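Colleague: structure for the following, please:
(one chain, ligands or ions: 1)
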Amino acid sequence: MEKQQAPSKSWSIYSRSEITSKYEISGRVGSGAYSDVYKARRRSDSVMVALKEVHDYQSAFREIEALETLKNSPNIVVLHEYFWSEDEGAVLVLEYLPTDLAAVVKSAANKDGIISVGEVKRWIDQILRGVDSCHRNSIVHRDLKPSNLLISSDGVLKIADFGQARILIAPQFTGNSHTYNQFDEQLSSDPAPEVDPTVDSSQFIQEHAEQLHREKYILEPVDNMRTNDFTNDIDEESVTHDGAASCVATCTTSDLEDPFQQSCYSYESEVVGIDGNGSLTSCVGTRWFRAPELLYGSTSYGLEIDLWSLGCIFAELFSLEPIFPGNSDIDQLGRIFSILGNLTEEVWPGCVQLPDYKIISFGKVEKPIGLEACLGNRSSDEVLVVKKLLCFDPVSRATAVELLNGKYLNEEPFPVPLSELRIPCKDDEDSSVEWNDYNKDFGSDSDFDEFGSSHLTTTENGFSIRFS
Ligand SMILES: Nc1ncnc2c1ncn2[C@@H]1O[C@H](COP(=O)(O)OP(=O)(O)OP(=O)(O)O)[C@@H](O)[C@H]1O
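Modeller: Alright, predicted model coming up:
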């Protein structure tokens, strides 16, 4: 049984007659950083739908734009229609999908301790098809994780939650990772365009093409903001909610007193900025799946950030636990290095150019654990798939289409038919609750238990912490 709760923070959907006249709302089934999601029945034909009430204009706009572009893709959640009111916000009417990949992993971990090779292949095949659709359309999802991979009762997996998605500049997909375009993250402070709810969304996109163009091509890049005085007002999204916002460090000044901080990094005040409360800025996103270039503050990145996330998701399907469960951005990098080894010019020529490379440094990992050891009970072909994705150098990561056409999915044992997939039910203790809680909480930034003692020194520009 799916989780249903009485609405807590938002009653507006119940008072919107244009929605309630068409849909009978049965209860809230989920919530995220930007939204509340309700299960509802379409009165005309009794089809079940999910009504996603989005509390953030940018997020709603991105999700509508991406889902309109991807509307014929079988592994992307279907947007039936949407309602938009300037006062009450956007409500997206999505196909209802009762469970997700996080629930599949959790159920397998609790029951058999493994997902069979054929089942894993069918999940991977569907995920890759969904991501390939996005990337062919130059859409970078930016928040791929198991709980955003929703599953129908008959086993069809669909990528959802496009609230952080972006369409890249000048689409030129060729299926070769080396030709992916990169884009500069750009932010809009424009007011929301007014939307006539009777107009279909493709018409809406067309009519607002000019504004979309402005939003994507002309506005000030984050880079400029990063060098500004952070005591000034800043677009909230860029710092606290946007998955592409530079995650220089999720750390507060109180962490400086934490004796467990390790490795070696330093904050330079003119680069990082300090807010009015004396806290360093932090960012929110789904850290466990974030590519190293994002953790090092890149604001110029490409579709490859999704490919890193895929590597993390596939590793989790194989081992039934997250591969890099970092509890701070520094810890996240530390966990990556402990398995893959350090990020150096040898493994990624040019990495020293990353904005924060020189201010976040780690001691040398002499003996990285390696992916083989992490995925000890899986075949070499399975390890190889993860290896092809978890490459430091973004251009070395295998694309979705390369993996779809590769040996792994096209050799025995083949992916099982959808009917043979085990689909768990979501209940009150389901994984989405954990993921959602994690998304909001992000653990404590002071958990550096694997690190040694720290030495704080004041520098001309700020301070530096060295860990031993
Ligand atoms: N189409 C759907 N069918 C069923 N449940 C859904 C659907 N879409 C979303 N949900 C539920 O609502 C939750 C929140 O949705 P979603 O992840 O899209 O919102 P969000 O605010 O963008 O979240 P996040 O904090 O992950 O960015 C999901 O985890 C899921 O449990």
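
Colleague: elements contacting the longest helix along the chain?
Modeller: Looking across the chain with DSSP state H, the single longest helix is helix 117-136. Applying 3 or more C-beta pairs under 8 Å, 6 or more residues apart in numbering; DSSP states H and E, one finds that helix 117-136 makes contact with helix 101-110, strand 157-159, helix 304-319, helix 380-389, helix 400-405, helix 407-410. Just so you know, the C-beta spots here come from the backbone N, C-alpha and C atoms, and that holds for glycine as well.

Colleague: buried set for the fifth one?
Modeller: Taking 16 or more other C-beta atoms under 10 Å as the neighbour-count basis, helix 400-405 is seen to contain the buried residues Ala400, Val401, Glu402, Leu403, Leu404.

Colleague: give the rounded mean pLDDT of the helix or strand just after the longest helix of the chain.
Modeller: Once the chain leaves helix 117-136, the next helix or strand it forms, by DSSP states H and E, is strand 139-140. In this model, strand 139-140 has an average pLDDT of 96.

Colleague: walk me through which strands strand 139-140 pairs with, and which way each runs.
Modeller: Partners of strand 139-140 in the sheet, by DSSP bridges, are strand 166-167 (antiparallel).

Colleague: so is Arg28 in a helix, a strand, or just coil?
Modeller: Counting by DSSP: H, G, I helix; E, B strand; the rest coil, the backbone at Arg28 sits in strand.

Colleague: in the longest helix of the chain, which residues are buried?
Modeller: In terms of neighbour count (16+ other C-beta under 10 Å), helix 117-136 has its buried residues at 117, 119-136.

Colleague: kindly report the same for stretch 317-337.
Modeller: Neighbour-count burial for stretch 317-337 flags 317-320, 322-324, 326-337 (criterion: 16+ other C-beta under 10 Å).

Colleague: can you check stretch 366-383 too?
Modeller: Leu371, Cys374, Leu375, Arg378, Glu382, Val383.

Colleague: next, count neighbours for the closest residue to the ligand within the stretch 201-350 of the chain.
Modeller: Residue nearest to the ligand within the stretch 201-350 of the chain: Thr286 (7.0 Å; C-beta to the nearest ligand atom). Thr286 sits with 21 neighbouring residues when counted by other C-beta atoms under 10 Å.

Colleague: once you drop chain neighbours, what's closest to it?
Modeller: The spatial neighbour of Thr286 that comes closest, neighbours along the chain excluded (C-beta to C-beta, 6 or more residues apart in numbering), is Lys145 at 5.0 Å.

Colleague: right, and the one you found touches Leu310 too?
Modeller: No - between Lys145 and Leu310 there is no contact, the gap being 10.3 Å when judged by C-beta atoms under 8 Å.

Colleague: how close does Thr20 get to Glu86?
Modeller: Counting by C-beta to C-beta, to the nearest Å, the gap from Thr20 to Glu86 is 19 Å.

Colleague: sorry, back to before: which ones among the buried residues of helix 117-136 come in contact with the ligand?
Modeller: The overlap between these and the neighbours of the ligand (C-beta under 6 Å from any ligand atom) is empty.

Colleague: can you give me the pLDDT of Trp84?
Modeller: For Trp84, the pLDDT comes out at 91.

Colleague: ugh, wrong one, Leu404
Modeller: Note on Leu404: pLDDT of 98.

Colleague: who's in contact with the nearest residue to it once chain neighbours are set aside?
Modeller: Using C-beta to C-beta, 6+ apart and skipping residues adjacent in sequence, the residue nearest Leu404 is Leu128, 5.0 Å away. Leu128 makes contact with Leu310, Ala400, Val401, Leu403, Leu404, Leu409, according to C-beta atoms under 8 Å, 6 or more residues apart in numbering.

Colleague: give me the neighbour count for the last one.
Modeller: Which is Leu409. 17.

Colleague: what residues does the protein have near the ligand?
Modeller: Selection of the chain residues close to the ligand by C-beta under 6 Å from any ligand atom yields 29-35, 37, 50, 52, 77, 94-97, 143, 147-148, 150, 160-161, 163, 432, 436, 439.

Colleague: just the ones in strands from those, please.
Modeller: Val29, Gly30, Ser31, Ser35, Val37, Ala50, Lys52, Leu94, Glu95, Leu150 (DSSP state E).

Colleague: beta-bridge partners for the fifth one, please?
Modeller: Taking DSSP bridges, one obtains Gly30, Lys52 as the residues bridged to Val37.

Colleague: ok so, going back, check the buried residues of stretch 366-383 and tell me the two furthest apart.
Modeller: Cys374 and Glu382 (11.4 Å; C-beta to C-beta).

Colleague: helices or strands up against whichever strand or helix holds Ile330?
Modeller: Under the criterion of DSSP H and E, Ile330 resides in helix 329-340. If contacts are counted by 3+ C-beta pairs under 8 Å, 6+ apart, helix 329-340 sits against helix 292-295, helix 371-374.

Colleague: since we're on the residue in the stretch 151-300 of the chain that the ligand sits nearest to, how many residues are nearby?
Modeller: When scored by C-beta to the nearest ligand atom, the stretch 151-300 of the chain has Asp161 as its residue closest to the ligand, at 3.5 Å. Residues within reach of Asp161, counting by other C-beta under 10 Å, total 25.

Colleague: which non-adjacent residue is nearest it?
Modeller: Closest to Asp161 by C-beta to C-beta, 6+ apart is Asn148, at 4.3 Å.

Colleague: repeat for Arg122
Modeller: Pro415 (3.9 Å).

Colleague: that neighbour belongs to a helix?
Modeller: No - read with three-state DSSP, Pro415 is coil and lies in no helix.

Colleague: for it, give me its contacts.
Modeller: Taking C-beta under 8 Å, 6+ apart as the test, what Pro415 contacts is Gly118, Glu119, Lys121, Arg122, Ile124, Asp125, Leu409.

Colleague: the residues you listed: which two are farthest apart?
Modeller: For the contacts of Pro415, and using C-beta to C-beta, no pair is farther apart than Glu119 and Leu409, which are 13.0 Å apart.

Colleague: just to revisit the earlier point, now mean pLDDT and distance to Gly350 too, for the helices and strands packed on helix 329-340, in JSON lines please.
Modeller: Compiled in JSON lines, those are given as follows (pLDDT from 0 to 100; distance: least, C-beta to C-beta, whole Å):
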{"stretch": "helix 292-295", "mean pLDDT": "95", "distance to Gly350": "10"}
{"stretch": "helix 371-374", "mean pLDDT": "96", "distance to Gly350": "23"}
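
Colleague: may I have stretch 291-301 as PDB, with CA atoms only?
Modeller: In PDB, the C-alpha atoms belonging to stretch 291-301 read as follows (Å, rounded to 0.1, in the frame of the first residue of the first chain):
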ATOM      1  CA  ALA A 291      29.900  13.900 -10.100                       C
ATOM      2  CA  PRO A 292      33.400  15.000  -8.900                       C
ATOM      3  CA  GLU A 293      33.400  18.000 -11.200                       C
ATOM      4  CA  LEU A 294      30.300  19.300  -9.400                       C
ATOM      5  CA  LEU A 295      31.800  18.600  -6.000                       C
ATOM      6  CA  TYR A 296      34.800  20.600  -7.100                       C
ATOM      7  CA  GLY A 297      32.600  23.600  -8.000                       C
ATOM      8  CA  SER A 298      32.400  23.300 -11.800                       C
ATOM      9  CA  THR A 299      29.700  25.500 -13.400                       C
ATOM     10  CA  SER A 300      30.700  24.400 -16.900                       C
ATOM     11  CA  TYR A 301      29.700  20.800 -17.300                       C
END
